[in-house]
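Participant: curious how this folds, go ahead:
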Amino acid sequence: MTETTLEPVELLVCTTCKMGRAIEDDALRPGNLLYEAMLKEDLPAHVTVRPTQCFTNCQGGCNIMMRGGNRYAYVYGNLDPETQVEIVTDGVTRYYNAADGFVPWRERPEHFRKNCVARIPPLNLPEDAAK
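Facilitator: A predicted model of the protein is given here:
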């Protein structure tokens, strides 16, 4: 049996997120805590965790984006770096294993079902994608 190689995936974590809290400019922000926690997780080999700046969903807790290849990209919010790291790990693993990025709704972590900020089409959107 041959193994299918899936395209690499990036997990972008907003490191500027303050989760709506008053935090000193030089203090460690919740978004940075989530990023640091994700670096320690056991993710599929071809998932890269990258820091990024604001997704402009600041009232929605910590935010992440999953993207890769010709997949749809997803932005999820309302994540807590202290209690939901495993949810992100589960979600990005499922996303990586879906070659087109479409994880069936019922198979997504419950938090992802209720906290999707955006689904963004791939740059190479097929002509018949809206049909």
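Participant: pLDDT below threshold where in this structure?
Facilitator: 1-5, 128-131 (pLDDT under 70).
Participant: the helices in it, which residues?
Facilitator: 30-39, 85-97, 110-114 (DSSP state H).
Participant: as TSV, the ones you listed with mean neighbour count and distance to residue 58 would be great.
Facilitator: In this view, the C-beta of every residue, glycine as well, is placed from N, C-alpha and C. Shown next, in TSV, are those (neighbours: other Cβ atoms under 10 Å; distance: least, Cβ to Cβ, whole Å):
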stretch	mean neighbour count	distance to residue 58
helix 30-39	20	10
helix 85-97	19	18
helix 110-114	14	18
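Participant: turn those helices into CSV, columns for distance to residue 77.
Facilitator: Converted to CSV, the helices of the chain look like this (distance: least, Cβ to Cβ, whole Å):
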stretch, distance to residue 77
helix 30-39, 11
helix 85-97, 12
helix 110-114, 10
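Participant: closest one to residue 46 among those helices?
Facilitator: Checking the helices of the chain against residue 46 by Cβ to Cβ gives helix 85-97 as the closest, at 6.9 Å.
Participant: for the helices of the chain, which one sits closest to residue 19?
Facilitator: helix 30-39 (4.4 Å).
Participant: by contact count, what packs against the closest one?
Facilitator: Here helix 30-39 touches strand 9-14, strand 47-52, strand 62-67, helix 85-97, going by 3 or more Cβ pairs under 8 Å, 6 or more residues apart in numbering; DSSP states H and E.
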